[in-house]
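Undergrad: Quick check, what structure comes out for this input:
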Amino acid sequence: MARRLMSVLGVTIVAVLVWTAGSALAAPGARLKQFKVPTADSQPRAITNGPDGNRWFTEGTEFTGAPAKIARITPSGVITEFAPGVSDGCSNCILSDIASGPAGVLYATSNDPTLIRFDVNTGTFQPPVQMPNTSALGGTLAISGDDVWVTDFNNDVVWRYSIAIGQFSSFAASNPSDVAVDAAGNAWFSEPDTSSLGRIDAVTGVVTRTPTIDGSTTVASRAVAVATDGQIWFTARFAPQAVGRLDPASGSVTLFVLTSDPGPQGIAASPNGTVWFTQETKGNIANITNAGVLTESKVVKGSGPSGVTVDGNAQPWYTMMSADRIGTLQ
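TA: Below you'll find the model as predicted:
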């Protein structure tokens with residue numbers, strides 16, 4: 001936490017705005033539905049699409065006494081919680097990210113050096129996977145085939161865990177924040193400290209970096225998502241706040257600067273080619289197109305949106321960390 005705070009405070013504020021996205025309300029007929037998480041002070045954080053057609057999310061409990069849990073929410077809003085124990089890889093842990101892997105198994109990370117595994121088919125936890133370093137801090141996850149990619153800012157690496165052979169390999173990264181995987185299996189990760197996006201070639205392991213710069217404006221990337229057309233999207237929380245897009249073919253970066261301190265946080269690709277991202281400070285989610293057209297949902301004050309995912313019908317689901325709720329725009 002101290003390193004992350006130092007990283008945040010060390011960012012230089014850039015005063016020049018590249019471009020300001022115009023915004024509109026969500027499409028007529030779209031309705032925000034909210035579902036209360038059964039556990040009080042649960043702090044729902046990350047959310048993903050499960051292999052069973054439901055959404056699965058973590059309950060982080062970083063500053064509360066509520067137990068760490070993962071939970072399932074059905075399309076109709078029914079929530080069921082599952083609490084991992086010490087034998088499951090959680091010793092008073094704080095859960096962070098969650099992702100769906102092969103064979104119906106979910107993987108979750110925490111501040112313990114383990115990968116927590118949950119079998120959706122049986123509704124039970126599997127034996128955890130021990131990280132290769134006892135100081136490893138599992139951050140965010142991305143899974144492609146048999147590869148599980150994990151950020152670890154404690155050790156300045158991105159880990160790749162091969163499910164097939166049960167082994168880890170590491171790739172140097174400066175305080176990596178998030179990771180996503182493209183269609184070819186390559187991992188893309190954000191480096192706020194270096195104001196760049198990194199790419200790990202899944203075949204060769206070669207790491208390359210692209211500065212997140214558009215003209216004279218540089219931003220510190222945070223969350224990362226790969227759109228259906230292969231474009232790499234990211235949020236930038238500081239200096240200035242923005243949503244950005246990297247074209248892997250040309251290496252060009254386009255920034256859409258956000259005004260009024262909305263607090264862009266999580267980001268996820270939609271099947272229709274756009275992306276959705278949460279606005280933690282403002283209290284809503286927003287959709288953005290390649291042209292930079294911004295559409296926002298209803299604001300829920302004090303909700304603290306964090307993670308977001310998009311289902312097969314292009315409907316976003318997101319966690320309201322401060323309100324202990326799950327929201328969806330339908």
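
Undergrad: State the pLDDT value of the residue nearest the centre of the chain.
TA: With distances taken as Cα atoms, centre = their mean, Gly266 lies nearest the centre of the chain, 5.0 Å away. Looking at Gly266, its pLDDT is 98.

Undergrad: just checking, it touches Gln279?
TA: No: at 9.8 Å, Gly266 does not count as touching Gln279 under the criterion of Cβ atoms under 8 Å. From N, CA and C alone the C-beta is placed, and that goes for glycine too.

Undergrad: picking that back up, just say helix, strand or coil for the residue nearest to the centre of the chain.
TA: Classification of Gly266 using DSSP: H, G, I helix; E, B strand; the rest coil returns strand.

Undergrad: How about the contacts made by it?
TA: Contacts were defined as Cβ atoms under 8 Å, 6 or more residues apart in numbering; by that measure Gly266 touches Ala46, Ala223, Thr235, Phe277, Thr278, Pro305, Ser306, Gly307, Val308, Tyr318.

Undergrad: got it, and Gly327?
TA: With Cβ under 8 Å, 6+ apart, Gly327 has these contacts: Leu32, Lys33, Gln34, Phe35, Ile285, Val300, Ser303, Pro305, Trp317, Tyr318, Thr319, Met320.

Undergrad: Report the buried members of these.
TA: Phe35, Ile285, Val300, Ser303, Pro305, Trp317, Tyr318, Thr319, Met320 (16 or more other Cβ atoms under 10 Å).

Undergrad: so what's the third one closest to, chain neighbours aside?
TA: The reference is to Val300. Nearest residue to Val300, sequence neighbours excluded (Cβ to Cβ, 6 or more residues apart in numbering): Gly283, at 5.0 Å.

Undergrad: now the one you found: how far from Val219?
TA: Look at Gly283 and Val219: by Cβ to Cβ, to the nearest Å, they are 22 Å apart.

Undergrad: Please identify which of these two sits among more neighbours.
TA: Higher neighbour count among Gly283 and Val219: Val219, with 28 against 21, using other Cβ atoms under 10 Å.

Undergrad: just checking, that one touches Leu246?
TA: No: using Cβ under 8 Å, Val219 is not in contact with Leu246; the gap is 11.6 Å.

Undergrad: residue ranges for the helices of the stretch 1-150 of the chain, please.
TA: Here the stretch 1-150 of the chain has its helices, by DSSP state H, counting those that start in this stretch, at 2-9.

Undergrad: For it, give me the ranges with low pLDDT.
TA: Under the criterion pLDDT under 70, the flagged ranges of the stretch 1-150 of the chain are 1-29.

Undergrad: Quick one: the strands in it, in order.
TA: For the stretch 1-150 of the chain, the strands defined by DSSP state E, counting those that start in this stretch cover 23-25, 32-36, 44-49, 55-59, 69-73, 79-82, 95-100, 105-110, 114-119, 124-130, 141-144, 147-152.

Undergrad: Ok, the stretch 201-330 of the chain next?
TA: Using DSSP E, counting those that start in this stretch, strands in the stretch 201-330 of the chain cover 207-211, 213-214, 217-218, 221-226, 232-236, 242-246, 253-257, 264-269, 275-279, 284-288, 294-296, 305-310, 316-320, 325-329.

Undergrad: ok and the fifth one relative to strand 207-211, angle-wise?
TA: This means strand 232-236. 60 degrees (axes from the mean of the first three to the mean of the last three Cα atoms, to 10 degrees).

Undergrad: between strand 232-236 and strand 284-288, how big is the angle?
TA: Counting by the same axes, to 10 degrees, strand 232-236 points 140 degrees away from the direction of strand 284-288.

Undergrad: Provide the strand pairings for strand 232-236, with the direction of each partner.
TA: The sheet places strand 232-236 alongside strand 221-226 (antiparallel), strand 242-246 (antiparallel), with pairing taken from DSSP bridges.

Undergrad: what touches both of Gly266 and Gln279?
TA: Pro305.
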